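>>> Give me a 3D structure for the following:
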Amino acid sequence: MIENKIQLKKISLAGTSKSIDESRFKINYKEVLNNSQYEAVSSVDGAYLLIAGAGTGKTRTLVYRVARLIEIGYDPNSILLLTFTRKAANEMLKRASLLLDDRCSKIRGGTFHSFANLVLRKYHKSVGLEPNFTILDQGDSEDVINLIRSQNKYVTNEKRFPNKQTLAKVFSLSVNTRRSITEIIEEDYPHFFGLIDEILEIQKIFVQYKRRNNLLDYDDLLIYLRDFLFNENNASKSLTSSIKFLMVDEYQDTNHIQAEIVKGLASYHKNVMVVGDDSQSIYSFRGADFYNIIEFPKLFDNVRIIKLEENYRSYQSILDFANCINRAALDKYEKNLFSRRGTGNLPQIIATVTENLQSKFIVEKILELREEGVKLNDIAVLFRSSFHSFDLELELSKADIPFQKFGGMKFIESAHIKDVVAFLRIVENPKDVISWYRILLLHEGIGPKTAQKILDDIAAGKLNSKKEPQEEIKSKYEKVAPLFYLIYEISKPKYRPSEILQKVLYYYSDLFKANYDDWNKRKKDLDIFQNIVENYSELDVLLSDLSIEPIIDSVVGIEPENNENEFVTLSTIHSAKGLEWHSVFIIHAVEGYFPSSRNAENIEQIEEERRLMYVAVTRAKNNLFVLYPMNLFDREAGKTLSKPSRFLSEINPNFAEGFLLE
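Below you'll find the predicted structure:
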């Protein structure tokens, strides 16, 4: 008898998705996208790295991919899009909805931090958190650290001790860069190395303090999410199995924890597409790891790399200049930006005898461009460091050219807004010691010692903001008895956030005027804040949004140059990323300033400076002017700088015109 054996033949599961009939789609994707964009948009299963050069339609590609996945029939809720700003996520979802229909607005989208916040509140039991945890912004974290360093008497008159900002930066860098605190102090702050034991002790107390008081800072949000994803429990499996497709924008800006989060989120279905440009990785000072994008193909199996190289922003002459800068990079994905817009004017490299001549040339050129019909809003001056524009600001003012300089304090970081938010945070989390401390010190006659006594009574349960204040509070803490009545009242669940804020502002009015000499000017921000709060029905959502996506602009310290709506943009290159202008001036392109003399000996930092120059150049659509003064005295180096930036020496002479202004 012959026995028949069944034989199994091993096959690859990659690319086994069923064929898709595009004729039924509302959108003709092949017709509206270029070949590379279509390749990315039509990719479904598997892991993909999309290298999107400057101005190549990265956002457009992501938007169309979202629409196509939904047209195929995938549940919108199974798609997760992670971005670095909520504005970017909202813009993509809005564009996808306009492109297809309202189903696109139902996909999951947000920043790493906002997504972490939602996950941790939903699965709080699995990560050992209370659901009403408070999120500390940078200033709050610094205040907690300051409280610890002051209480434990680390600060003495005998030796200098690092301030709260330095300690907060060191602790955060350690989390985000995988460098130990000892290593960071040794390399970046060697003058504090003798205090390493005290610094490590403060960090340990800081971690314990946050846990005890139900507080999470920005780094904690990512750490808790990362740990949750790799815990291999039913809750994490429930989350990862619900994410069929993961897309990540600006992947070159991720830190190592975010890279691990990406791996964890895509661990179940393994369908992931990260989008970014290695040549625009410029945020290492925030903990971003350039090698995340370089080494992404090692994170998943069979990663397919797709490149977007057709630029829709700039003339080819500007792209040739940018390609020259990028070609000299040591580690990179090879790409060659090209444009169908035409050649355009050659970029100009202009050497000026003095810094003031640099400024005067820019003023004259701006006026000339204005006469040619270029709007002031479409002109930008970019620089490596904020102080580089001081001389130019004076010359622009003399010529009555309105300008706006980008940088400065965020709205939510201004002192008076932090005061008001502190009241709201106590309502949400009565254990929020930092908010209590801030509010108590606003009151006349309440100093650090008295404030600490009150905090001790709150911690011991002798004072409870959820209960109506007893007569003993009046006698013991007469000056702040009205505060406890207020907190008790506004903690009642019947009030909406806007109603709570109204009561807070009424109470805060006298404190506001007593603590700020320029209260009349600051009042505008309180009016803006009232309008913002009107849009919220839940206090926890409001506070999460304020912490994770802070509102940028504050009217304090910002006065319009004149009544015109138009203004020239002055901006650091870091702040200009993602933006574009008709005409761009890059100033102080001199060795020692750009690249900075501080980074001259470190190859990785020099390479980041190169990428910074690439970002600056690719902001220009029609005109590019790169200037360097030949006589700049650098106080730090103690010498006169006169050599053009090394990045300019790499430019092919055929790709730029050189000028000397005496």
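
>>> And for residue 532, the neighbour number?
Residue 532 has 16 neighbours, counted by other Cβ atoms under 10 Å. Just so you know, the C-beta spots here come from the backbone N, C-alpha and C atoms, and that holds for glycine as well.

>>> Now name the helix or strand holding it.
Per DSSP states H and E: residue 532 is located in helix 519-533.

>>> now do residue 622
Residue 622 belongs to strand 620-629 when assigned by DSSP H and E.

>>> what's the answer for residue 43, then?
Per DSSP H and E: nothing holds residue 43, as it lies in no helix or strand.

>>> Please report how far residue 567 lies from residue 379.
9 Å (Cβ to Cβ, to the nearest Å).

>>> Comparing the two, which shows the higher neighbour count?
The residue with more neighbours, out of residue 567 and residue 379, is residue 379; 24 against 19, by other Cβ under 10 Å.

>>> what's the spacing between the more buried one and residue 69?
Distance from residue 379 to residue 69, counting by Cβ to Cβ: 40 Å.

>>> for the helix holding residue 532, packing partners?
Helix 519-533 makes packing contacts with helix 415-428, helix 497-515 when contacts are defined by 3 or more Cβ pairs under 8 Å, 6 or more residues apart in numbering; DSSP states H and E.

>>> Please save the CA atoms from the shortest one in CSV.
Same thing as helix 415-428. Taking C-alpha atoms only, helix 415-428 is exported to CSV below (Å, rounded to 0.1, in the frame of the first residue of the first chain):
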residue,chain,number,x,y,z
ALA,A,415,3.9,83.8,35.1
HIS,A,416,0.4,85.1,35.3
ILE,A,417,-1.1,82.3,33.2
LYS,A,418,0.8,79.7,35.3
ASP,A,419,-0.8,81.3,38.4
VAL,A,420,-4.4,80.9,37.1
VAL,A,421,-3.7,77.4,35.8
ALA,A,422,-2.4,76.4,39.3
PHE,A,423,-5.9,77.0,40.7
LEU,A,424,-7.4,74.8,38.1
ARG,A,425,-4.9,72.0,38.6
ILE,A,426,-5.6,71.9,42.4
VAL,A,427,-9.3,71.3,41.6
GLU,A,428,-8.3,68.4,39.4
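
>>> Tell me the helices and strands packed up against it.
helix 433-440, helix 481-490, helix 497-515, helix 519-533, helix 539-548.

>>> What residues of that helix count as buried?
Within helix 415-428, the residues that count as buried by 16 or more other Cβ atoms under 10 Å are 416-428.

>>> and if you look at the longest one?
Along helix 497-515, these residues count as buried under the neighbour rule (16+ other Cβ under 10 Å): 497, 498, 500, 501, 504, 505, 507, 508, 511, 512, 515.

>>> Report the angle between it and helix 539-548.
50 degrees (axes from the mean of the first three to the mean of the last three Cα atoms, to 10 degrees).

>>> In terms of secondary structure, what does helix 497-515 contact?
helix 415-428, helix 481-490, helix 519-533, helix 539-548.

>>> what's the strand or helix carrying residue 184 in contact with?
For residue 184, the element it lies in under DSSP H and E is helix 181-188. By Cβ atoms under 8 Å, 6 or more residues apart in numbering, the surrounding residues in contact with helix 181-188 are 170, 171, 173, 174, 177, 192, 193, 196, 199, 200, 203.
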